[in-house]
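J.: Quick one, structure for this:
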Amino acid sequence: MRKEFDACRELFERNQRFVLSTHVNPDPDAIGSELALSRFLRSRGKQITILNHSATPSNCIFLDPENTVLQFAPDQHGDLIRNADVIVVLDANQPDRIQSLLPFVMQSKATKLCIDHHLDRQPFADLYVIDEEAAATGEILFNLFLHCDPNSVTKEIATALYAAIMTDTGSFRFPKTDATLHRVVAGLIECGADPVQIYH
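T.: Below is the predicted model:
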């Protein structure tokens with residue numbers, strides 16, 4: 001995915017205002033991926049807004065102690081989408097899955113980036129980073145961050161990505177759990193992710 005990762009890095013470097021979103025009824029892979037990418041971009045001085053159709057589920061609230069994930073309200077947040085430089089849809093490759101955000105996203109002149117691991121994508125983005133062999137969107141992001149900057153994965157980013165991967169693999173028991181994935185998980189633990197605390 002080197003070509004796609006290079007395109008992402010260029011997109012990150014030359015833009016300032018980002019809006020991140022994910023699918024309706026988000027799971028930990030969706031929330032964790034949003035928060036990890038937000039923290040990665042904020043560390044580079046970017047302006048980030050996370051907007052979701054659905055509220056954050058209770059088991060993901062610990063990942064967002066600063067309450068940065070917002071539930072979309074058109075009258076409050078419509079201009080943020082209209083004025084964004086880049087809109088990133090994570091863990092979803094079918095535009096109708098972002099529900100109430102969809103008309104605002106499609107009308108925006110922002111560059112649209114999709115990062116996901118699911119099958120059956122539908123066209124809506126300018127750039128797709130889709131790895132159907134990945135166990136979770138969090139796995140793709142870990143590799144993307146290392147590609148952009150080998151020292152970029154902080155404890156907070158690692159925690160969000162570990163939660164994403166752990167839950168989408170059914171606690172590492174689903175078929176896409178392989179040696180490559182375990183090496184990713186080992187890297188996250190080395191960066192500060194606490195498996196016991198996150199599982200709890």
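
J.: where does the residue positioned nearest the centre of the chain land in three-state SS?
T.: In the chain, the C-alpha nearest the mean C-alpha coordinate belongs to Ser33, at 3.0 Å (C-alpha atoms, centre = their mean). Per DSSP: H, G, I helix; E, B strand; the rest coil, the local secondary structure of Ser33 is helix.

J.: Name all residues that make contact with it.
T.: By C-beta atoms under 8 Å, 6 or more residues apart in numbering, Ser33 lies in contact with Thr22, Leu90, Asp91, Ile115, Ala136, Thr137, Gly138, Leu141, Ala160, Leu161, Ala164. (C-beta placed from N, C-alpha, C; glycine too.)

J.: quick one: it from Ile157, how far?
T.: According to C-beta to C-beta, to the nearest Å, Ser33 stands 11 Å off from Ile157.

J.: can you check Cys60 too?
T.: In terms of C-beta to C-beta, Cys60 sits 15 Å off from Ile157.

J.: Which one's more surrounded, the two?
T.: Shown here are Cys60 and Ile157; by other C-beta atoms under 10 Å, Ile157 has more neighbours (26 against 23).

J.: got a pLDDT number for the residue with the largest distance to the centre of the chain?
T.: Most distant residue from the mean C-alpha position of the chain: Asp75, 24.5 Å away (C-alpha atoms, centre = their mean). Looking at Asp75, its pLDDT reads 94.

J.: three-state assignment of it?
T.: What three-state DSSP gives for Asp75 is helix.

J.: quick one: Val129 is in a strand?
T.: Yes: the assignment for Val129 is a strand, going by three-state DSSP.

J.: I'd guessed it sits against Arg121; true?
T.: No: using C-beta atoms under 8 Å, Val129 is not in contact with Arg121, being 11.1 Å away.

J.: out of those two, which sits in the busier spot?
T.: The neighbour count for Val129 versus Arg121, taken as other C-beta under 10 Å, is higher for Val129 (23 against 16).

J.: That one and Arg82, how far apart?
T.: 24 Å.

J.: how about the helices of this protein, start to end?
T.: 2-14, 28-42, 74-82, 102-107, 137-148, 155-168, 179-190, 195-199 (DSSP state H).

J.: Out of those helices, which gets nearest to Asp64?
T.: Nearest to Asp64 among those is helix 28-42 (5.9 Å), distances taken as C-beta to C-beta.

J.: Can you give the distance from the closest one to the centre of its chain?
T.: 5 Å (C-alpha atoms, centre = their mean, to the nearest Å).

J.: average pLDDT for that helix?
T.: Here the average pLDDT along helix 28-42 is 98.
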